[in-house]
Structures are given as C-alpha cells and as structure tokens.
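Engineer: sequence below, structure please.
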Amino acid sequence: MKPKKLKLPKCAPFSKAHERYLRKLRNDKIFVLFFQILILVAVIGLWELLAQTKVIDPFFMSSPSRIFNMLSSLFASGTIWEHIGITLMETLLGFAISTIGGTLIAVILWWSEKLRRILEPYIIVLNSLPKIALGPIIILWVGSGMGAIIIMCTLICIVMTTITMLNAFVTCDNDKIQLMKSMKANKIQIFFKLILPNAMNEFISILKINVGLAWVGTIMGEYISSSAGLGYLIVYGSQIFRIDLVMASTVLLCLLAAIMYIIVSLIEKWHNR
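Structural biologist: The predicted structure follows:
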C-alpha cells in the first residue's frame with residue numbers, strides 16, 4: 001500500500017478588517033505622495049507665472065524656465081560634470097571620515113570613563129564653536145583646495161557623531177550589562193554583543209544627520225577656498241550677477257543631497273527587516 005500523503009492546512013486568507021487596514025495604508029501613502037508632488041508643481045508653476053508676468057524680477061529671482069535652460073547648457077557643454085564630481089568627492093570623503101572617526105572616538109570614550117570625564121567639556125565646547133570661524137586657520141595650516149574643504153566638512157560632522165554615538169553607548173541598559181558580566185563576558189564581548197547592536201538605530205539616525213551636515217560643510221568650505229565645485233559656481237555666479245547659475249547649482253545640490261538621503265533610508269530599511 002502506498003503511504004497516504006499528508007494534507008497540510010492552507011493558510012487562512014486575510015480577514016476583511018486586515019485587508020481594509022492594508023488598503024488604508026496604501027491609500028495614505030498615495031495621498032501623501034500626491035500632495036508632495038502637487039505642492040512642488042504648484043510652487044514651480046507660481047514661481048514661473050510671477051516671473052513671466054514681471055511681478056518678481058527674474059534677473060534677481062530667476063525662474064524655473066531660466067534654471068532649466070542654464071542646466072541644459074551646463075550639461076551640453078560638459079563642464080558641470082567636473083564640478084559635480086569634485087563636490088561629491090569632497091562630501092563623501094568628509095561624510096565617511098567624520099562618521100567612522102566620530103564613532104571610533106565615541107568607542108574610546110565609552111571604553112575609558114576617566115578619559116570621557118576629562119574630554120567631555122572640550123567636546124561640548126567644540127560642538128558649540130562656529131566651524132566657519134576656523135576656515136581661515138584651516139587654510140593657513142593645510143592650504144587652500146580640496147584638503148581644506150574636506151577638513152571643514154569633517155569638523156562639522158565629527159563632533160555631532162561623537163556626541164550622538166557616545167550617548168547611545170552609555171545609555172545602554174545597565175541591567176543587561178551586569179547580566180553579561182555575571183556570565184563572565186569581557187568588555188569586548190559586551191561591546192560587540194550588546195552595546196553596538198543597541199546603538200544601531202542611533203547610528204542610522206546620525207547617518208541621516210550627517211548627510212545634511214556634510215553638504216553644508218562642503219559648500220561652506222568651497223565658499224571660503226575653492227576653484228571648482230558647485231559651491232564655487234554659486235559664489236562665481238553671485239559675483240557676476242548670474243542668478244540662473246546660482247539657482248541651477250543649488251538645484252543640483254538639492255538633487256545630490258536627496259539621492260544620498262535616499263541611499264541612507266534604504267540602508268535603514270534593510271537594517272530593520
């Protein structure tokens with residue numbers, strides 16, 4: 001006799017209440033996205049209308065059509081790619097150095113409580129110091145160019161990274177730490193098995209913060225000392241009263257920053273799966 005095949009129970013279908021809930025979530029996403037696009041289109045359309053009717057002076061305020069024409073000419077000539085590449089390289093290097101360096105400093109300060117107590121006041125002072133004031137000093141120390149811009153970007157991000165990650169490390173549940181110590185875990189095991197996993201949400205948060213701060217630091221550095229880059233184009237355009245060039249460079253900065261933020265958001269979704 002052939003053995004009878006076991007019949008596995010079929011999974012129950014979603015209830016109607018659950019289907020309504022999923023439909024509501026989908027409709028909410030569509031609603032939010034629709035109004036986000038609507039607001040953007042309305043702002044661009046109103047801006048263009050006011051510029052065309054001379055309610056605002058397009059020489060000083062530019063207009064979407066003029067910005068589009070400027071972007072088209074920049075990409076057609078090919079010169080914009082060099083400026084985008086330089087600014088993007090400076091931003092990514094500053095972002096990476098500050099994120100990794102700030103996290104490592106936070107680890108060292110967590111590891112040594114005495115060192116943390118000694119250096120904590122200085123870290124707070126550095127965080128409150130306007131970094132733009134250090135621009136001339138940085139140029140004197142390392143010279144003008146990409147090195148000074150990367151240092152400026154790093155200085156703006158690294159202190160915030162250190163403070164955020166250190167706070168995540170020291171606020172870990174002390175009862176869990178004591179439990180691991182009772183199980184004869186050493187400090188390295190406690191850090192990698194408990195402290196670091198517990199701080200991953202704060203690490204993702206500081207990545208999002210550093211996306212904005214890195215672009216701010218890079219553009220500030222290019223304002224002070226640069227011969228190429230999107231920040232340089234903004235300064236150059238304002239000096240020769242080419243507001244179209246200024247606005248076109250600003251639009252490119254917004255797009256690049258948005259792409260970088262989307263990448264970090266995808267990393268967050270992957271981590272939360």
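
Engineer: next SSE downstream of the strand or helix carrying I39?
Structural biologist: Taking DSSP states H and E as the definition, one finds I39 inside helix 16-52. Counting by DSSP H and E, the element after helix 16-52 in chain order, helix or strand, is helix 58-61.

Engineer: so what touches that next one?
Structural biologist: 47, 50-51, 66, 241, 243 (CB atoms under 8 Å, 6 or more residues apart in numbering). C-beta coordinates here come from the backbone N, C-alpha and C atoms, glycine included.

Engineer: now do the contacts for I151.
Structural biologist: Counted by CB under 8 Å, 6+ apart, I151 has contacts 138, 142, 221.

Engineer: ok, for the last one, nearest residue in space, not its chain neighbours?
Structural biologist: Same thing as G221. In this structure, G221 finds its nearest non-sequential neighbour in I149, 3.3 Å apart by CB to CB, 6 or more residues apart in numbering.

Engineer: following the chain onward from the one helix or strand the one you found maps to, which element is next?
Structural biologist: According to DSSP H and E, I149 maps onto helix 146-170. Downstream of helix 146-170, the next assigned helix or strand under DSSP H and E is helix 174-182.

Engineer: please compute how far stretch 31-41 lies from its chain's middle.
Structural biologist: Counting by CA atoms, centre = their mean, to the nearest Å, stretch 31-41 is centred 23 Å from the centre of its parent chain.

Engineer: can you show me the CA trace of that stretch as PDB?
Structural biologist: Only the C-alpha atoms of stretch 31-41 are listed here, as PDB (Å, rounded to 0.1, in the frame of the first residue of the first chain):
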ATOM      1  CA  PHE A  31      -2.400  60.600  -0.600                       C
ATOM      2  CA  VAL A  32       0.900  61.900   0.900                       C
ATOM      3  CA  LEU A  33       2.900  61.400  -2.300                       C
ATOM      4  CA  PHE A  34       0.200  63.100  -4.400                       C
ATOM      5  CA  PHE A  35       0.200  66.200  -2.200                       C
ATOM      6  CA  GLN A  36       4.000  66.300  -2.100                       C
ATOM      7  CA  ILE A  37       4.100  66.300  -5.900                       C
ATOM      8  CA  LEU A  38       1.200  68.800  -6.000                       C
ATOM      9  CA  ILE A  39       3.000  71.300  -3.700                       C
ATOM     10  CA  LEU A  40       6.200  71.100  -5.700                       C
ATOM     11  CA  VAL A  41       4.400  71.600  -9.000                       C
END
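
Engineer: and the helix or strand of the chain with the lowest mean pLDDT, which residues are buried?
Structural biologist: Lowest on mean pLDDT, DSSP states H and E among the helices and strands of the chain sits helix 135-142, with a mean of 78. By 16 or more other CB atoms under 10 Å, the buried positions in helix 135-142 come out as 135, 138-139.

Engineer: what's the closest of the residues you listed to L92?
Structural biologist: Nearest to L92 among those, counting by CB to CB, is I138 at 19.2 Å.

Engineer: quick check: the closest one touching M152?
Structural biologist: Yes - if you go by CB atoms under 8 Å, I138 and M152 touch, sitting 6.1 Å apart.

Engineer: break this structure down into its structural domains.
Structural biologist: With automatic domain parsing as the criterion, the domains of the chain are listed as 19-56, 71-272.

Engineer: before we move on, back to that, angle of the helix holding I149 against helix 135-142?
Structural biologist: On the basis of axes from the mean of the first three to the mean of the last three CA atoms, to 10 degrees, helix 146-170 is oriented at 110 degrees to helix 135-142.

Engineer: what about helix 146-170, distance to the chain center?
Structural biologist: 13 Å.
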